[in-house]
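>>> this one's sequence-less:
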């Protein structure tokens, strides 16, 4: 795949976030969904950040021991992160963390059911969103697994802010580490 420019990556992130938010909004117009709460306090902040750091650590381990995941992650992250400036990584954390969680855990999970079916279906959809080619299946498998973690954290806490914080932290930390490793 041809390398993308910084502007192309930023526009793609913005458009993707907008599309996901619009899908979530239209879903809410067509279906009465009882949404999870979004309440901020120190415990929720620590829980979300703790899950984010845990996922980042697990990803680092998977990166070291699973060659398919390492190759797949490097291809995906090189495509997305290499053209970005350091300050752009804030958007890499925030845009997907907000828009993906609002759709997959905010609307889809409660619409399908706050149960194993909702967890599995929303997580599979989340994983498929990360498919950029058939050779990327290890990255999709990882994203699906992380989708399960995000969904369970939403169910367990009853608060959508937990997976939003975890997702944002995971993306930001992983992006910073990847950029530091490959920018030299």
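Yes, it's here. Since this is a predicted model, take the numbers as computed values, not measurements. Residues are numbered from 1 along each chain as shown.
>>> by mean pLDDT, flag the weakest helix or strand of this protein.
Every helix and strand of the chain was ranked by mean pLDDT, DSSP states H and E. The lowest is helix 67-81, at a mean of 91.
>>> now the element after that one, going C-ward?
For helix 67-81, the following helix or strand on the C-terminal side (DSSP states H and E) is helix 89-101.
>>> rounded mean pLDDT for that next one, please.
For helix 89-101, mean pLDDT is 96.
>>> ok, stretch 8-26 next?
Averaged across stretch 8-26, pLDDT comes to 96.
>>> now swap in stretch 166-180 and tell me
Confidence over stretch 166-180 (mean pLDDT, whole number) is 95.
>>> could you check how far residue 59 is from residue 38?
From residue 59 across to residue 38, the span is 26 Å (Cβ to Cβ, to the nearest Å). For glycine as for every other residue, the C-beta is placed from the backbone atoms N, C-alpha and C.
>>> repeat for residue 127
24 Å.
>>> so these two - more neighbours on which side?
A direct count of neighbours by other Cβ atoms under 10 Å for residue 127 and residue 38 places residue 127 higher, at 21 against 13.
>>> which residues in the protein form helices?
Counting by DSSP state H, the chain has these helices, from start to end: 6-30, 42-65, 67-81, 89-101, 109-112, 116-129, 137-157, 161-182.
>>> can you list contacts of the third one?
What it means is helix 67-81. The contact list for helix 67-81, computed with Cβ atoms under 8 Å, 6 or more residues apart in numbering, reads 1, 3-4, 9, 59, 62-64, 89, 92, 130, 132, 135-139, 141-142, 174-175, 178-179, 182.
>>> if we go to 10 Å?
By Cβ atoms under 10 Å, 6 or more residues apart in numbering, the residues outside helix 67-81 that reach it are 1-4, 9, 12-13, 59, 62-64, 66, 88-89, 92, 130-133, 135-143, 174-179, 181-183.
>>> in that helix, which residues are buried?
Across helix 67-81, burial judged by 16 or more other Cβ atoms under 10 Å covers 69, 72, 73, 75, 76, 77, 79, 80, 81.
>>> turn the residues you listed into a markdown table, including distance to residue 156.
Shown next, in a markdown table, are the buried residues of helix 67-81 (distance: Cβ to Cβ, whole Å):
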| residue | distance to residue 156 |
| --- | --- |
| 69 | 26 |
| 72 | 29 |
| 73 | 27 |
| 75 | 33 |
| 76 | 28 |
| 77 | 29 |
| 79 | 33 |
| 80 | 30 |
| 81 | 31 |
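>>> backbone phi and psi for residue 31, please?
Dihedral angles of residue 31 (phi, psi; degrees, to the nearest 10) stand at phi -140, psi 140.
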